[in-house]
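>>> Predicted coordinates and the sequence they were generated for:
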Amino acid sequence: MPSSRKPFAVAAVYLGTFMATLAISIVSVALPAIQADLGTSLSGLQWVVGSYTLCLSAFMLSAGPLADRYGRKRTWLVGVAVFTIGSMICAAASSLAMLIVGCALQGIAGALVIPGALSILTQAFPDPGERAHVIGGWSSFSAVSLILGPMLGGLLVDHVGWPSIFLVNLPIGIVTVCLGLWSVEESAHPDHAALDPAGQALSIVFLGALTFGLINAGHAGWLAGATTISLAASLFALFLFILVELRAERPVLPVDLLRQPAFASANFASFVLGFSGYTSLFLFSLFLQQGQGWTATEAGWRMAPVFAMMLAGSALFGRLTRRFGLHRLMIAGYVLLGAAMLAMTGFSPLTPYWIVAPTFALLGIGLGLAVPATGAAAMESAPRERTGAASATMNALRQGGMTIGIALLGTIMSGRAVASLENALSKLGSGDAPVLAAVAIQRHEMPAGMSIAPDSFRIMLQEAYSQGFSVAAGVAGILGLVAALTLVVFVFRAAGRKR
């Protein structure tokens, strides 16, 4: 690639990632407005976010091989164009089903855009130092989109309406396609591409069934027939997927790379990053708006410390890597992630913002280190000719972690909130406390016919949501520390082998 075009190629890649990442953060503050406008439940909101992350993670496994075989530039550009179309469908949605379809299309397109970004940058910058710098910038741009998303989304939701949050992608998509067509250089390694239709289909069945089962458990219960059947189907699909991948000549999941401790540990960390870190956006929006009563705009601004510190950490990543080393930063990132989420277990409807903000900032620092470090570690541990598959695997596991996190942590949050409200209603003598509590939490409204004063019920509802948030944050925090411990063990063993 001519050096004069590299800055424009980097700009195109950054904008594509910006758009795909913005879709995650900007939707988070719009969830209560979508719930009220479309008349959906908490489970419906899980599907709005989950349909995007589900398709994103499921199709990423094939995105890498497709890019390796048919060209990284071509595949990435198709992704940007389809993402823009999906955004138009979301903006025009008049029902929950149509919105979910648009979000799913965005997810499929994002599967081509996000891993394609790392692969294009890796090919364009073979020098490790330059590559670390541009990957740090890529992570910073992701952080910028995460910062702008809640704040911009809150303003648009409160003053224009929730469909407008999808329309912002249209001009970004058009500019990105034009820049990419001119500046990005095509590259492909078809001999190393692995197209595996059976593995791809089974991965979709596994994630889809698991997501449905986890979300359904939130309102129907863990022992409901649909829940148990879906979870059993997901386990069976996972078993078949493993068998197919072990026997496939060119599996969609790079089994040989996952046998390498460096690649395997980086990808486990990537899964945790999605589960504990990225899912926190979904939890924060519900806690701030439904647990503490802030508007969408106010909630968006109050989430800013997470993303501001994430941006700062990402911007300094290259310099910090040269001083402290990649793996130390990676471990520190996951320790901070876990510690911050555990600290949030003490949040309540009355927790002042001067306590919330530093905790959010601590999480942001952890994410600012963990995101670029995980990406760099995964790419560093894979052969250069297989960067497409390596990037797709890392991002698929991250988004898969987010998909499972939204489903599982959302269900945990809902379950604890229902139990808390049910207990409060029982103390007041409500005969149908379990049913009333479930309806109130799922719909975020006071059921008809109750004799409780609306203001009193609102306080009870906020307390229930806060308790649900605390339990979900605790689970996320514990897994973050498990990831840090796993990385410590890997680094210790690697150092022992070098002696």
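That came through, no problem. Residues are numbered from 1 along each chain as shown.
>>> show me where pLDDT drops low in the stretch 251-400 of the chain?
384-389 (pLDDT under 70).
>>> does residue 271 sit in a helix or strand, and which one?
Using DSSP states H and E, residue 271 falls within helix 261-272.
>>> how distant is that helix from the center of its chain?
How far helix 261-272 lies from its chain's middle: 16 Å, per Cα atoms, centre = their mean, to the nearest Å.
>>> Number the chain from 500, please
Happy to do that; since the first residue is 500 now, the last one works out to helix 760-771.
>>> got the buried residues for that helix?
For helix 760-771, a neighbour-count test (16 or more other Cβ atoms under 10 Å) marks 761-771 as buried. Bear in mind the C-beta positions are built from the backbone N, C-alpha and C, glycine included.
>>> Considering those, which is situated nearest to residue 603?
residue 770 (21.2 Å; Cβ to Cβ).
>>> thought the closest one was touching residue 897?
Yes - look at residue 770 against residue 897 with Cβ atoms under 8 Å: they come within range, at 6.6 Å.
>>> Surely residue 834 touches residue 981?
No - counting by Cβ under 8 Å, residue 981 is not a contact partner of residue 834; they are 11.0 Å apart.
>>> which of the two has more neighbours?
residue 834 (20 against 16; other Cβ atoms under 10 Å).
>>> Helix or strand for the closest residue to the more buried one other than its chain neighbours, just tell me which one.
Excluding the flanking residues, the one nearest residue 834 by Cβ to Cβ, 6 or more residues apart in numbering is residue 983, at 4.6 Å. Element membership for residue 983, per DSSP H and E: helix 953-997.
>>> Specify the angle between that helix and helix 760-771 in degrees.
In terms of direction (axes from the mean of the first three to the mean of the last three Cα atoms, to 10 degrees), helix 953-997 departs from helix 760-771 by 180 degrees.
>>> And helix 953-997, what does it pack against?
helix 760-771, helix 779-785, helix 825-842, helix 886-926, helix 932-942 (3 or more Cβ pairs under 8 Å, 6 or more residues apart in numbering; DSSP states H and E).
>>> Identify whichever of those helices lies nearest to residue 733.
Of all the helices and strands packed on helix 953-997, helix 886-926 comes closest under Cβ to Cβ, at 10.2 Å.
>>> quick check, distance from that closest one to the centre of its chain.
Worked out by Cα atoms, centre = their mean, helix 886-926 lies 10 Å from the chain centre.
>>> try stretch 938-952
On Cα atoms, centre = their mean, the centre of stretch 938-952 falls 31 Å from the chain's centre.
>>> Kindly report the same for stretch 530-549.
Chain-centre distance of stretch 530-549: 17 Å, with Cα atoms, centre = their mean.
>>> Can you show me the CA trace of that stretch as CSV?
Taking C-alpha atoms only, stretch 530-549 is exported to CSV below (Å, rounded to 0.1, in the frame of the first residue of the first chain):
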residue,chain,number,x,y,z
LEU,A,530,-34.0,0.8,25.7
PRO,A,531,-36.6,2.3,28.1
ALA,A,532,-37.9,4.5,25.4
ILE,A,533,-38.2,1.5,23.0
GLN,A,534,-39.9,-0.5,25.7
ALA,A,535,-42.5,2.2,26.2
ASP,A,536,-43.1,3.0,22.5
LEU,A,537,-43.3,-0.6,21.3
GLY,A,538,-44.9,-2.0,24.4
THR,A,539,-42.3,-4.7,24.9
SER,A,540,-41.0,-6.4,28.0
LEU,A,541,-37.5,-6.6,29.6
SER,A,542,-37.1,-9.9,27.6
GLY,A,543,-37.9,-8.0,24.4
LEU,A,544,-35.2,-5.5,25.2
GLN,A,545,-32.7,-8.3,25.7
TRP,A,546,-33.6,-9.5,22.2
VAL,A,547,-33.1,-6.0,20.7
VAL,A,548,-29.5,-5.9,21.9
GLY,A,549,-29.1,-9.7,21.8
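>>> Let me know the average pLDDT across it.
Taken as a whole, stretch 530-549 carries a mean pLDDT of 82.
>>> which other helices and strands contact whichever strand or helix holds residue 799?
Using DSSP H and E, residue 799 maps to helix 795-801. Where contact means 3+ Cβ pairs under 8 Å, 6+ apart, helix 795-801 is packed against helix 627-658, helix 852-879.
>>> ok, and which of the ones you listed has the densest surroundings?
Of all those, helix 852-879 carries the top mean neighbour count, a mean of 23, counting by mean count of other Cβ atoms under 10 Å.
>>> residues contacting the residue of the chain most remote from its centre?
Here the centre of the chain is the reference, and by Cα atoms, centre = their mean the most remote residue is residue 928, at 41.2 Å. Taking Cβ atoms under 8 Å, 6 or more residues apart in numbering, we find residue 928 in contact with no residue.
>>> How about the backbone phi and psi for it?
phi 90, psi 20 (degrees, to the nearest 10).
>>> For residue 950, see how far away it is.
To residue 950, residue 928 is 10 Å away according to Cβ to Cβ, to the nearest Å.
>>> measure the residue nearest to residue 834 to residue 702 for me?
27 Å.
>>> now swap in residue 785 and tell me
29 Å.
>>> Ok, residue 897 next?
Distance, residue 897 to residue 702, by Cβ to Cβ: 15 Å.
>>> got the contact list for the residue nearest to residue 739 when sequence neighbours are not counted?
Counting by Cβ to Cβ, 6+ apart, residue 739 lies nearest to residue 701, which is 5.4 Å off, once chain neighbours are set aside. Neighbouring residues of residue 701 by Cβ under 8 Å, 6+ apart: 736, 739-740, 743.
>>> secondary structure element for residue 701?
Using DSSP H and E, residue 701 maps to helix 696-719.
>>> Quick one: mean pLDDT over that helix.
The pLDDT scores in helix 696-719 average 82.
>>> Okay, buried residues for that helix please.
So, applying 16+ other Cβ under 10 Å, buried residues of helix 696-719: 697-718.
>>> any idea how far it is from the chain center?
17 Å.
>>> what angle separates that helix from helix 886-926?
10 degrees.
>>> Tell me how many other residues crowd the closest residue to residue 544 other than its chain neighbours.
Of all residues not flanking residue 544 in the chain, residue 530 sits nearest, at 4.8 Å (Cβ to Cβ, 6+ apart). Neighbour count of residue 530, defined by other Cβ under 10 Å: 26.
>>> Please apply the same query to residue 516.
Residue 516: 23 surrounding residues under other Cβ under 10 Å.
>>> pLDDT of the host helix or strand of it, averaged?
Using DSSP H and E, residue 516 sits in helix 505-527. The average of the pLDDT scores along helix 505-527 is 81.
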